[in-house]
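Q: Have a look at this prediction, sequence included:
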Amino acid sequence: MDVEHLRDLPLFRDLSNRELEMLARWTDEIDVPAGRHLMQQDAFAHEFMVIVSGTAEVVHDQQHLADLGPGEFFGEIALMEQHRRSATVTATSDLRIVVMHERDFRAMEDDLPDVARRIREVMEERRREHFEKTGEEA
């Protein structure tokens with residue numbers, strides 16, 4: 001993974017070069033075609049993803065929750081809370097994403113606590129929004 005691509009993402013923008021190099025070892029950048037399911041509601045969690053380019057839709061019980069675009073991320077709730085996926089995420093256009101697998105996500109939580117804190121803050125906001133829209137805990 002290219003350090004400069006990571007630096008362009010808002011979630012990682014404030015990291016030092018050393019921290020970005022650590023993160024680059026834990027991530028892969030991949031292309032995903034429009035229409036591909038990236039995560040399926042109720043499936044086991046194995047990765048965290050950040051959108052570099054393109055868009056994706058988030059659906060819970062066939063109810064549209066959100067549209068995601070560049071710089072936004074998903075998959076954090078199930079990994080951080082050790083639950084199954086709370087929603088289905090589908091590419092609505094061709095996507096370029098950064099993927100971090102669970103083992104590396106755990107290393108990131110330990111070694112880059114500021115990033116983990118930012119992810120947790122967004123996760124809590126999403127949980128509140130999810131509850132407001134559905135009346136269910138995420």
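A: Yep, that arrived.

Q: Next, name the residue at the spatial heart of the chain.
A: residue 74 (2.6 Å; C-alpha atoms, centre = their mean).

Q: Tell me who's in contact with the closest residue to residue 87 other than its chain neighbours.
A: In space, and not counting its chain neighbours, residue 87 is closest to residue 60: 4.4 Å by C-beta to C-beta, 6 or more residues apart in numbering. Yep, even glycine has a C-beta here, placed from its N, CA and C like the rest. The contact partners of residue 60, taken as C-beta atoms under 8 Å, 6 or more residues apart in numbering, are 41, 86-88, 130, 134, 136, 138.

Q: now the longest helix along the chain: how far from the chain's centre is it?
A: The longest helix of the chain (DSSP state H) is helix 113-134. Centre-to-centre, helix 113-134 and its host chain are 11 Å apart (C-alpha atoms, centre = their mean, to the nearest Å).

Q: How about stretch 30-46?
A: Distance of stretch 30-46 from the chain centroid (C-alpha atoms, centre = their mean) equals 11 Å.
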